[in-house]
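Participant: one predicted model, sequence on top.
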Amino acid sequence: MVAIVGKYTRLEDSYISIRKALHHAGNKIDYKVNIKFLEASNLESTMLSDNPASYHDAWHNLCVCDCVVVPGGFGKCGVEGKIKTCKWCRVNDKPFLGICLGFQAAVIEFSRNVLKLDGANSTEVYSETKHPVVIDMPEHNTSEMGGTMRLGKRTTLFKPSAVTSKIRRLYGNKDKIDERHRHRYEVNPEYIDQFEKNGNCIPLVLMLIKKEWKY
Ligand SMILES: NC(=O)CC[C@H](N)C(=O)O
């Protein structure tokens with residue numbers, strides 16, 4: 001069972017491309033993929049008092065799933081729940097895929113709990129953070145909402161030294177790949193050195209994969 005920890009989980013068409021991709025991947029290797037949608041905000045500590053039944057139900061489902069996808073999204077709502085999910089996956093070695101905001105959440109979690117950068121955050125969530133590990137991109141004009149995203153196909157280069165990179169292997173060991181972007185924020189280049197020195201997380205790509213997919 002794959003848990004998708006998102007915030008538009010009540011809408012039928014939300015995350016449709018992720019659902020389809022998971023089912024296609026399952027077909028390819030003869031596995032039936034069951035997907036469980038979990039509302040990220042139900043995993044946040046405040047829910048323990050506000051709605052204990054939803055809180056415990058969400059954590060139960062997270063604990064019993066085989067692997068976790070934290071998908072993209074916008075705004076503050078549910079982000080702390082996504083960060084908690086990332087931590088739980090890292091600490092418990094649960095296979096994890098973070099896409100876009102999900103990846104940004106993993107970077108924040110890693111910064112807070114491994115690099116000990118207290119209160120690290122994305123400026124999208126808290127603009128006054130002491131440790132802005134995810135920041136708005138230079139081409140993003142904060143005064144306008146429309147048409148300011150990095151949108152469309154972009155090339156990503158793999159470092160020649162990335163010989164053991166699982167992501168690179170999944171892409172057939174290519175030197176460069178083209179992937180679609182749709183975001184306004186990115187990992188703060190000033191912190192990349194610390195990330196690289198302290199773990200196997202490679203913040204310049206859109207995804208972070210821990211362990212091999214097990215299905
Ligand atoms: N596509 C996404 O998940 C976007 C992530 C984040 N809100 C950003 O704008 O960078």
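Facilitator: Good, I have the coordinates.
Participant: now whatever helix or strand Asp193 lives in, how far from the centre of its chain.
Facilitator: Of the helices and strands defined by DSSP states H and E, Asp193 is found in helix 192-198. Taking Cα atoms, centre = their mean, to the nearest Å, one finds the center of helix 192-198 at 18 Å from the center of the full chain.
Participant: could I get the buried residue list for that helix?
Facilitator: Buried residues in helix 192-198, counted by 16 or more other Cβ atoms under 10 Å: Gln194, Phe195. Using the backbone N, CA and C atoms, a C-beta is placed for each residue, glycine as well.
Participant: distance of the residue in the chain that the ligand sits nearest to relative to Leu48?
Facilitator: Distance from the ligand to each residue of the chain (Cβ to the nearest ligand atom) is smallest for Gly72, at 2.5 Å. From Gly72 across to Leu48, the span is 27 Å (Cβ to Cβ, to the nearest Å).
Participant: which parts of the protein sit against the ligand?
Facilitator: Gly72, Gly73, Phe74, Cys100, Leu101, Glu124, Arg182, His183, Arg184, Tyr185 (Cβ under 6 Å from any ligand atom).
Participant: these into a markdown table, with extra columns for secondary structure?
Facilitator: Below are those laid out as a markdown table (DSSP: H, G, I helix; E, B strand; the rest coil):
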| residue | secondary structure |
| --- | --- |
| Gly72 | coil |
| Gly73 | coil |
| Phe74 | coil |
| Cys100 | coil |
| Leu101 | helix |
| Glu124 | coil |
| Arg182 | strand |
| His183 | strand |
| Arg184 | coil |
| Tyr185 | strand |
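Participant: mind listing the helices for this protein?
Facilitator: For the chain, the helices defined by DSSP state H cover 16-28, 46-50, 52-64, 79-91, 101-113, 166-170, 192-198.
Participant: thanks again, I'm all set now.
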